[in-house]
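1. Okay, structure incoming, though there's no sequence with it:
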Ligand SMILES: Nc1ncnc2c1ncn2[C@@H]1O[C@H](COP(=O)(O)OP(=O)(O)OP(=O)(O)O)[C@@H](O)[C@H]1O
């Protein structure tokens, strides 16, 4: 493709070769001096590489040490300076999560990662950013402006992240400054790194770890907890966090349901700094006293609005408020999502202290990188219509780079049945939903990612967070009842600055979505079909009352912003808290269709 002007972070990351590895990035096999491998090294002593005594620190401060942004940079070495001689490193045997790319030629992959077409280089530059809250730390333009530590910087380079994405530019300085954060940024815009980097950096440079000493205890005491709603998303965050923390000495462990708990217990026993978990499995571990949250300094909720909606809220409240986790204000809390309905924001404020609200793009909007189409298709015609789309796609595709297609349906049975029908008709497909066992789910995802089965039929279990390269087309075979679910589903394509396509089949059954869909498309500069505008204009169809639309009606729907701005105390410098308290989410009881497993029954997810 023609060389475009390089203005977007994604473009730069895709196109530029990584600079050579600095000498300070030791590969496991060629570190200058290998020390005792087995001894435990507390995080504050890790990542040392030159001479300096460890900081004299007695008790840890009540919350994570504030970051260094906006303050003079530490002298070379700073807190990362090492005592004389090489420190003991417990991570010399750590498998290289980058696939030993520095020692061996990369394995052939079915897709060429660097082959991108249609990247919108300016998409992220003009994006409106809103921050609110007191004393918001300034954003940065480059990773170099942030003192994340040498080991983490090496991993950022290994990930080929050349420039921070907009949400990273804002969220990382805020988090490093020790502030609580509610961050909303579009799908595929790099939120995972935005919460992982400050956590890893904070653990590396934080005060000495004082884990509770209980003789004979096998209770793991992580310093950071990252909660996410699905098993697959937890696994993905774990993989990402392991890359980011490679050779930092920060140990990341994952715990999720559906997989044997014994292996997870063994992993926890080996030590854990960051625990990535789904709520159900974590509650199990807490009840067995195999995990204690008393040392938690950082709490991150990915897909935070989902974690706080009716399905998960009781479990999350139990974990955060009723176990032994330090209270808000003592721990640092980071909430991230692409969507943040007002009532969930209000509820989320229960978990936050003097927080900063950050919106990159409009809250709940979808990125313009995704071309959205809506087609009127009767239920009975959906299969043949899908077949036409797939045939057209197949005909136009370069066989060597067959694009991946993700098809969302409403029910688990519908997923099985469509998968069978596609396979019978010569389209290699697999499926993922809550009735498949974990092995089947993981196998399906692997097979889809590798391109072996380039069509994945899924319920909403795959709607959030999954970062699958080369998903070129998302088809909403059945539209969801909630516009936020639609935003997350289509967000499986058009990620990291790349373009994507989303097609929705609409018919009378989706009438309650007409207005919110038309509004979202208008907001994202998409062409809205005239028939959809007419649907949206009908009072009974335009109203959101028939669906699970949490945004409410009216013009403010897509002008989502910090809910505290509605509150009289905001901006007056008054009380310590901006938001009203929330007694809980009193939303519709129809919440939780499709793969969600029904209201109050999130267990199918974790
Ligand atoms: N600074 C960066 N430069 C280049 N690529 C990046 C950068 N930050 C993140 N990415 C890549 O962008 C992709 C999307 O990131 P990520 O999965 O964190 O998005 P997200 O905002 O969490 O999306 P979602 O809302 O769907 O969960 C990933 O492949 C990630 O590796």
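-> In hand now; what should we look at? Computed from a predicted structure; not experimentally measured.
2. got the buried residues for the strand or helix carrying residue 390?
-> Taking DSSP states H and E as the criterion, residue 390 maps to helix 382-396. By 16 or more other C-beta atoms under 10 Å, the buried positions in helix 382-396 come out as 382, 383, 385, 386, 389, 390, 393. Glycine gets a C-beta too; all of them are placed from N, C-alpha and C.
3. Hmm, the second one is touching residue 419, no?
-> In this case it means residue 383. No: contact criterion C-beta atoms under 8 Å: residue 383 and residue 419 do not qualify, at 12.0 Å.
4. Which residue, other than its chain neighbours, is closest to residue 480?
-> Excluding the flanking residues, the one nearest residue 480 by C-beta to C-beta, 6 or more residues apart in numbering is residue 486, at 5.5 Å.
5. what about that neighbour, neighbour count?
-> 25 (other C-beta atoms under 10 Å).
6. Quick check, pLDDT for it.
-> For residue 486, the model assigns a pLDDT of 97.
7. Confirm that it sits in a helix.
-> Yes: per DSSP: H, G, I helix; E, B strand; the rest coil, residue 486 lies within a helix segment.
8. can you pull the contacts of it?
-> Contacts here follow C-beta atoms under 8 Å, 6 or more residues apart in numbering; on that basis residue 486 touches 476, 479, 480, 504, 513, 517, 520.
9. Tell me which helix or strand comes right after the helix holding residue 390.
-> Once the chain leaves helix 382-396, the next helix or strand it forms, by DSSP H and E, is strand 404-408.
10. Any residues of this structure in contact with the ligand? List them.
-> Contacts of the chain with the ligand, taken as C-beta under 6 Å from any ligand atom, map to 9-10, 13, 161, 163-165, 168, 185, 187-193, 338, 465, 467, 491, 495-496.
11. Can you find the residue of the stretch 251-400 of the chain that comes nearest to the ligand?
-> residue 338 (4.2 Å; C-beta to the nearest ligand atom).
12. same deal with the stretch 351-500 of the chain?
-> Closest point on the stretch 351-500 of the chain to the ligand, by C-beta to the nearest ligand atom, is residue 496, at 3.3 Å.
13. on that earlier part again, my guess is the residue of the stretch 251-400 of the chain closest to the ligand meets residue 190, correct?
-> No: Residue 338 is beyond contact range of residue 190, at 11.5 Å (criterion: C-beta under 8 Å).
14. more neighbours, those two?
-> Taking other C-beta under 10 Å, residue 338 and residue 190 do not tie; residue 338 has more neighbours (28 against 25).
15. so what pLDDT did the more buried one get?
-> 95.
16. for residue 206, same thing?
-> Residue 206 is given a pLDDT of 85.
17. Repeat that for residue 193.
-> So residue 193 comes in at 98 (pLDDT).
18. element containing it?
-> With DSSP H and E as the test, residue 193 turns up in helix 191-205.
19. name the helices or strands packed onto that helix?
-> helix 150-158, helix 166-176, strand 181-185, strand 224-227, helix 231-244, strand 274-277, strand 298-302, strand 332-337 (3 or more C-beta pairs under 8 Å, 6 or more residues apart in numbering; DSSP states H and E).
20. Indicate which one of the ones you listed is closest to residue 361.
-> strand 181-185 (6.4 Å; C-beta to C-beta).
21. That closest one pairs with which strands, parallel or anti?
-> Using DSSP bridges, the strands paired with strand 181-185 are strand 332-337 (parallel), strand 356-360 (parallel).
22. which residues sit against the helix or strand where residue 130 lies?
-> Using DSSP H and E, residue 130 falls within strand 129-132. The contact list for strand 129-132 (C-beta under 8 Å, 6+ apart) reads 139, 166, 170, 174, 356-360, 561-562, 564-565, 570.
23. Export those residues as CSV, with columns for pLDDT.
-> Below are those laid out as CSV (pLDDT from 0 to 100):
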residue, pLDDT
139, 96
166, 93
170, 97
174, 98
356, 97
357, 96
358, 96
359, 95
360, 92
561, 74
562, 78
564, 77
565, 73
570, 48
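24. now the nearest residue to residue 188 once chain neighbours are set aside: how far from residue 506?
-> In space, and not counting its chain neighbours, residue 188 is closest to residue 495: 2.9 Å by C-beta to C-beta, 6+ apart. As judged by C-beta to C-beta, to the nearest Å, residue 495 and residue 506 stand 24 Å apart.
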